[in-house]
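A.B. asks: could you work out the structure for the sequence below:
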Amino acid sequence: MTQGAGSNYTNLASEPPDHGIGRSRGGLTSKIHHLVDGHGRPLVVLVGAGQANDGPVLEHLLAHLKVERRGPGRARTRPNRLRGDKAYSSRATRQRLRRRGIVAVIPEPSDQIGHRKRRGTHGGRPPAFDAEDYKGRNVVERNFNTVKQWRGLATRYDKLAIVYRGAAVLRAITLWLPHLSDTP
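C.D. replies: Below you'll find the predicted structure:
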């Protein structure tokens, strides 16, 4: 008995890794991962599969971060603090940030709180969390809203991830251009 060719919709193993497509409940999807500054301007843009966890991508985002200083000196590769959602709340992520000297402003999910409390005194102390500082995280969400205003980015018509990332980088450039002008 012969078997027909597999479709990309049912056989993701045949999908090349450079396409950046993953499967979620809604079908085939991709995610845009951003590191943004305090004004919502993208510093690093990466594209990943839609079903992939956000936590491991953080290491790649931080590895690509380079912010030039005014005047002489090396580029900064370490932010002062990282405001993230509950997807970045793992113990390993917090330890990596602490080793690099980055303050983590990440809420603890309710399931982790329950696990910690169930262990009693062996569960340890809750991680430090500054609720007032966390209010600044909406800058990231507003950035995603401006990115998704481009129909090509919102619907991903591009087949290759490098082309899709190129469109995301082009959108990032358009967000930076008004701030790079030397005239007021």
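
A.B. asks: partner residues bridging the residue nearest in space to the middle of the chain?
C.D. replies: The centroid of the chain falls nearest to His33 when counting by Cα atoms, centre = their mean (3.2 Å). Counting by DSSP bridges, His33 is bridged to Leu46.

A.B. asks: direction included, what does the least confident helix or strand in the chain by mean pLDDT pair against?
C.D. replies: Within the chain, confidence by mean pLDDT, DSSP states H and E is lowest for strand 22-24 among all helices and strands, at a mean of 74. Applying DSSP bridges, strand 22-24 is found paired with strand 27-36 (antiparallel).

A.B. asks: buried ones in the strand it pairs with, by neighbour count?
C.D. replies: Leu28, Thr29, Ser30, Lys31, Ile32, His33, His34, Leu35, Val36 (16 or more other Cβ atoms under 10 Å). All C-beta spots, glycine's among them, are computed from the backbone N, C-alpha and C.

A.B. asks: helices or strands up against the longest helix seen in the chain?
C.D. replies: Determined from DSSP state H, the single longest helix within the chain is helix 161-180. Applying 3 or more Cβ pairs under 8 Å, 6 or more residues apart in numbering; DSSP states H and E, we find helix 161-180 packed against strand 27-36, strand 42-49, helix 138-147, helix 151-155.

A.B. asks: of those, which approaches Gly166 most closely?
C.D. replies: With Cβ to Cβ as the measure, strand 42-49 is the member of the helices and strands packed on helix 161-180 nearest Gly166 (9.6 Å).

A.B. asks: what residue ranges in the chain score low on pLDDT?
C.D. replies: Along the chain, the model assigns pLDDT under 70 to residues 1-18, 183-184.

A.B. asks: I figured Val47 hits Ile21, correct?
C.D. replies: No - the pair formed by Val47 and Ile21 falls short of the contact definition of Cβ atoms under 8 Å, at 9.7 Å.

A.B. asks: who touches both of those two?
C.D. replies: Shared contacts of Val47 and Ile21 (Cβ atoms under 8 Å, 6 or more residues apart in numbering): Ser30, Ala161.

A.B. asks: which residues does stretch 62-79 contact?
C.D. replies: In contact with stretch 62-79 (Cβ under 8 Å, 6+ apart) are residues Leu35, Asp37, Leu43, Val44, Leu46, Arg100, Gly101, Ile102.

A.B. asks: now, the most widely separated pair of those residues?
C.D. replies: Leu46 and Gly101 (22.6 Å).

A.B. asks: who has more neighbours, those two?
C.D. replies: Neighbour totals were compared for Leu46 and Gly101, and Leu46 leads with 17 against 9 (other Cβ atoms under 10 Å).

A.B. asks: now do the contacts for that one.
C.D. replies: Ile32, His33, Val57, His60, Leu61, His64, Arg165.
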